[in-house]
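**Student:** I would like to see how this sequence folds:
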Amino acid sequence: MPIHPTAIVDPAARIAESAEIGPYTIIGANVEIGARTVVKGHVFMDGALTIGEDNIFFPYSTVGVAPQDLKYKGEPSQLRIGHRNRIREFATLHRGTQGGGMLTSIGDDNLLMAYTHVAHDVQFGSHVVLSHAAMLGGHVTVEDWAWIGAAVGVHQFCRVGRHAIVGGYSVITQDVLPFSNTVTAREARIFGANSTGLERRGFSASTVDALHKAFRLLTRAGLNTAQAVKRIREEVPPSAEISELLDFIASSERGFVK
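**Tutor:** Model prediction:
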């Protein structure tokens, strides 16, 4: 396999023959790297770390290191990364902790831009974009197709729902509803459905209109959550997306951004 002579690779590491390891990269003993994954120069990888196929890790990313959690005492936790992810410069991805199931998990086809941070026990879906310097606290869940803008901070234990977009520099301290477009001024607020993203991904106009109506009832009708949910059930045509939205609200433990 093509390993640059300046790279330091522990003999116990399991690396597919078609993977590539660049100059001055350090690979620890408990690292497993799948086929055709490219690890460019000056990357640091520690484990237990399992990486799938066709990923690209750009210089100075730090992957699979111990979590920044004072409760962590060296337990054998893991970071698992799927396929076809792009991890850009200076991104930091940490292993899990005992309090979070011992696992940080990243799905497939994600883009993590420069200086992003994925903390311990994060559960990260697929087709997600994490823009420059966005930071996910411990135990955060990011569902499929979410887009998180530059310099966003997501508080630990929060959830970001499917197909949501979070505007740059937002501070997220509660759950972000699926399909929503959420931006912070001094606090995070919903500004309606994520219309552009949903249309690009093939959602019908009627689905987007129904979500807009649901968000208006949730955020602009002067109703409390229970009243808004009742009105949504009565007035918005039922669909899988509306059901997902209502289920997300019902299961929220921290409340959600309105």
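**Student:** so how far is the lowest-mean-pLDDT helix or strand in the chain off the chain centroid?
**Tutor:** In the chain, no helix or strand scores lower on mean pLDDT, DSSP states H and E than strand 188-193, which sits at a mean of 78. With CA atoms, centre = their mean, to the nearest Å as the basis, strand 188-193 stands 19 Å off its chain's centre.
**Student:** before we move on, what about stretch 38-45?
**Tutor:** Going by CA atoms, centre = their mean, where stretch 38-45 is centred and where its chain is centred differ by 21 Å.
**Student:** any residues touching it, and which ones?
**Tutor:** With contacts defined as CB atoms under 8 Å, 6 or more residues apart in numbering, stretch 38-45 is touched by 4, 19-28, 31, 33, 55-65. C-beta coordinates here come from the backbone N, C-alpha and C atoms, glycine included.
**Student:** just the buried ones from these?
**Tutor:** Buried subset of these (neighbour count, 16 or more other CB atoms under 10 Å): 19-22, 25-28, 31, 33, 55-65.
**Student:** between the longest helix along the chain and strand 188-193, what angle do the directions make?
**Tutor:** The longest helix of the chain (DSSP state H) is helix 205-219. Angle, helix 205-219 to strand 188-193, by axes from the mean of the first three to the mean of the last three CA atoms, to 10 degrees: 150 degrees.
**Student:** list the buried residues in helix 205-219.
**Tutor:** Neighbour count says helix 205-219 has Thr207, Val208, Ala210, Leu211, Lys213, Ala214, Phe215, Arg216, Leu217, Leu218, Thr219 buried, by 16+ other CB under 10 Å.
**Student:** closest to Ile106 out of those residues?
**Tutor:** Distances from Ile106 to the buried residues of helix 205-219, taken as CB to CB, are shortest for Leu211 (27.2 Å).
**Student:** in contact with that closest one, which residues are there?
**Tutor:** With contacts defined as CB under 8 Å, 6+ apart, Leu211 is in contact with Phe179, Ala193, Leu198, Glu241, Ile242, Leu245.
**Student:** which element, helix or strand, includes Val183?
**Tutor:** In the assignment (DSSP states H and E), Val183 maps to strand 180-184.
**Student:** hmm, I typed the wrong one, I wanted Lys230.
**Tutor:** helix 225-235.
**Student:** residues touching that helix, excluding its own?
**Tutor:** So helix 225-235 is contacted by Lys213, Ala214, Leu217, Leu218, Ala221, Leu223, Ile242, Leu245, Leu246, Ile249 (CB under 8 Å, 6+ apart).
**Student:** list just the nearest of those to His83.
**Tutor:** Leu245 (29.0 Å).
**Student:** helix, strand, or coil at that closest one?
**Tutor:** With DSSP: H, G, I helix; E, B strand; the rest coil as the basis, Leu245 sits in helix.
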